[in-house]
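**Q** Give me coordinates for this.
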Amino acid sequence: MEDYKYLFKIVLIGNAGVGKTCLVRRFAQGVFPNVQGATIGVDFMIKSLMVNDVKVKLQIWDTAGQERFRSITQSYYRSAHCLILVYDVFSQCSFDSLPQWCRDIDQYAGAAIAGNGRNVLKVLVGNKCDKDREVPLHIAEQFAHNNNFDLFMETSALEAENVEKLFREIAEILVSRNQESNGGTMSRSITSNSFNQSSKPSNCFNCFSN
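**A** The predicted model follows:
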């Protein structure tokens, strides 16, 4: 018998080299990979944590950012509870590519949302904030607001800055939405819930309302 109350699927997307794998490894394993090749296709790790005395299991999918894998990774959007779009604050190019990623989200996650009433959690992450930035914070905040992201945060996988906070806040939002949509009842495995946009915690760091 499984020992968790919730299972959520989180998918990281974004250009190659922005640090998606490093974020996943830092959170799930507590390490920063010094030597890391490009992700081929998709990979995933599982991490459990307690949210308000409830055990939550996060299934975190790390996807390849290269264009040739785009059709493979897009198939994972539909079943995701949360999509984390990652860019590199040190790379203006990675930020400039965000509109195309947003169009992919609307096209491939949007079909699932329209089909069953779900509302996927959209998170924008500026990684490598330990470096000198090319992307100003206020520009990224405005982009997140204009594109209806539920949460924006800057992180450093290298320095472990805001990494735990990022995934914990995502888990808190998903648990809160699920409990509200189910009248406070708990499901053992969440694969198709109806999320409520208004149920974000009030202490969310750099959250944006639709």
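
**Q** From the chain's centre, how far out is the helix or strand hosting residue 9? Work that out for me.
**A** Using DSSP states H and E, residue 9 falls within strand 6-13. Strand 6-13 has its C-alpha centroid displaced from the chain centroid by 7 Å (Cα atoms, centre = their mean, to the nearest Å).

**Q** what do you get for stretch 163-179?
**A** 10 Å.

**Q** Flag every buried residue along that stretch.
**A** For stretch 163-179, burial by neighbour count (16 or more other Cβ atoms under 10 Å) applies to 163, 166-179. Yep, even glycine has a C-beta here, placed from its N, CA and C like the rest.

**Q** quick check: mean pLDDT across that stretch?
**A** Stretch 163-179 shows a mean pLDDT of 94.

**Q** Would you tell me what the next helix or strand after the lowest-mean-pLDDT helix or strand in the chain is?
**A** Within the chain, confidence by mean pLDDT, DSSP states H and E is lowest for helix 110-116 among all helices and strands, at a mean of 49. Downstream of helix 110-116, the next assigned helix or strand under DSSP H and E is strand 121-127.

**Q** by contact count, what packs against that next one?
**A** Judged by 3 or more Cβ pairs under 8 Å, 6 or more residues apart in numbering; DSSP states H and E, the packing partners of strand 121-127 are helix 20-29, strand 82-88, helix 137-146, strand 151-154, helix 163-181.

**Q** Including distance to residue 13, could those go into a markdown table?
**A** Formatted as a markdown table, these follow (distance: least, Cβ to Cβ, whole Å):
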| stretch | distance to residue 13 |
| --- | --- |
| helix 20-29 | 8 |
| strand 82-88 | 6 |
| helix 137-146 | 15 |
| strand 151-154 | 15 |
| helix 163-181 | 14 |
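
**Q** ok so, going back, closest to residue 124 among the buried residues of stretch 163-179?
**A** Taking Cβ to Cβ as the measure, residue 124 sits nearest to residue 166 out of those, at 10.8 Å.

**Q** is it true that that closest one touches residue 156?
**A** No - using Cβ atoms under 8 Å, residue 166 makes no contact with residue 156, being 10.9 Å away.

**Q** Confirm residue 4 sits in a strand?
**A** No - using DSSP: H, G, I helix; E, B strand; the rest coil, the assignment for residue 4 is coil, not a strand.

**Q** Give me the neighbour count for it.
**A** Residues lying near residue 4 (other Cβ atoms under 10 Å) number 16.

**Q** Show the backbone phi and psi for it.
**A** Backbone torsions for residue 4, taken as degrees, to the nearest 10, come to phi -120, psi 160.

**Q** Next, the contact list for the residue nearest the centre of the chain, please.
**A** Most central in the chain under Cα atoms, centre = their mean is residue 84, positioned 2.5 Å from the mean C-alpha point. Shown in contact with residue 84 (Cβ atoms under 8 Å, 6 or more residues apart in numbering): 10, 11, 12, 13, 123, 124, 125, 166, 170.

**Q** Let me know the closest of the residues you listed to residue 58.
**A** Using Cβ to Cβ, residue 10 is the member of those that lies nearest residue 58, at 5.7 Å.

**Q** How about that closest one, nearest residue that isn't a chain neighbour?
**A** Once flanking residues are discounted, residue 10 sits nearest to residue 82: 4.5 Å by Cβ to Cβ, 6 or more residues apart in numbering.
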